[in-house]
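[1] no sequence on hand, only this structure:
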Ligand code: SF4
């Protein structure tokens, strides 16, 4: 099976397993998508969702994040991994959006990756979740692991993995594929002890016998 056919088959089968696969982060505005996505690095979406309701209520605008004392923001994020840096990135991004982008979260990859703490993965999530724009494929730890196990890439570098996946996936499915792989990685193809017996992809997966 060539790469395009295999990817289409994976999307078809996982689409049936996870018909409502989409981001599990809670947010309202585009800037809240950005904040939640920055916070989600090395942290579960469930944990981020426990923290953000109070955060979004307290900081109701981009300007509020930009002008808050940094120590206050850090204190409000203290239960999140790497909260000091994440608070710095959120505040610096808020300031840059106000000063350089007329107080609007940018809608292009090129502009989004100029924001502090924002690389392609975060930018892809923001573009897709906030604006419905598919400009690439968000490669998180699950997508990285599953793309390798399924033989869709041989790379470890997320940017190279993304390029491989983009070659075999129609652009309209880019964000969908990312969500499907994330769901399957959480539920079945876990980092430790993947449940091959329960996996709908086992007959087309070259890693169906790994421990
Ligand atoms: S067969 Fe196993 S390794 Fe392959 S996708 Fe399924 S759970 Fe993962």
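    On my side now, so go ahead. Keep in mind the model is a prediction, meaning the values are calculated, not measured.
[2] packing partners for the helix or strand harbouring residue 71?
    Following DSSP states H and E, one finds residue 71 within helix 70-76. Where contact means 3 or more Cβ pairs under 8 Å, 6 or more residues apart in numbering; DSSP states H and E, helix 70-76 is packed against helix 45-58, helix 83-100. Bear in mind the C-beta positions are built from the backbone N, C-alpha and C, glycine included.
[3] quick one: mean pLDDT for the last one?
    Confidence for helix 83-100, expressed as mean pLDDT, is 98.
[4] pull the residues that contact that helix.
    Residues from elsewhere that reach helix 83-100, judged by Cβ atoms under 8 Å, 6 or more residues apart in numbering: 31, 34-35, 38-39, 41, 62-63, 65-66, 68, 70, 73-74, 76-77, 80, 103-106, 114-118.
[5] which strands and helices sit next to the strand or helix carrying residue 11?
    Taking DSSP H and E as the criterion, the element that holds residue 11 is helix 3-17. Packing partners of helix 3-17 (3+ Cβ pairs under 8 Å, 6+ apart): helix 158-168, helix 174-187.
[6] for the following helix or strand past it, name the packing helices and strands.
    Next along the chain after helix 3-17, taking DSSP H and E as the criterion, comes helix 30-39. Packing partners of helix 30-39 (3+ Cβ pairs under 8 Å, 6+ apart): helix 45-58, helix 62-67, helix 83-100, helix 120-131.
[7] winner for burial among these?
    The highest average neighbour count among these, using mean count of other Cβ atoms under 10 Å, belongs to helix 120-131 at a mean of 22.
[8] that one versus helix 83-100: what angle between them?
    Angle between the axes of helix 120-131 and helix 83-100 is 60 degrees (criterion: axes from the mean of the first three to the mean of the last three Cα atoms, to 10 degrees).
[9] can you lay out the helices and strands packed on helix 30-39 as TSV showing distance to residue 175?
    Formatted as TSV, the helices and strands packed on helix 30-39 follow (distance: least, Cβ to Cβ, whole Å):
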stretch	distance to residue 175
helix 45-58	15
helix 62-67	24
helix 83-100	21
helix 120-131	4
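[10] I'd like the ones you listed as JSON lines, with distance to the ligand appended.
    Listed next are the helices and strands packed on helix 30-39 as JSON lines, based on distance: least, Cβ to the nearest ligand atom, whole Å:
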{"stretch": "helix 45-58", "distance to the ligand": "21"}
{"stretch": "helix 62-67", "distance to the ligand": "39"}
{"stretch": "helix 83-100", "distance to the ligand": "31"}
{"stretch": "helix 120-131", "distance to the ligand": "21"}
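[11] out of these, flag the one nearest residue 7.
    Across the helices and strands packed on helix 30-39, residue 7 has its closest neighbour in helix 120-131 (17.1 Å, Cβ to Cβ).
[12] list the contacts of the closest one.
    By Cβ under 8 Å, 6+ apart, helix 120-131 touches 23, 25, 27, 29-30, 33-34, 37-38, 41, 105, 107-109, 112-113, 118, 133-140, 158-159, 162, 174-175, 178.
[13] repeat for stretch 21-35
    Contacts for stretch 21-35 (Cβ under 8 Å, 6+ apart): 14-15, 36-37, 40, 45-46, 48-49, 52-53, 55-56, 62, 65, 90, 93-94, 97, 104-105, 115, 118, 122, 125-126, 128-131, 176, 179-180, 182-183.
[14] appreciated, that's everything.
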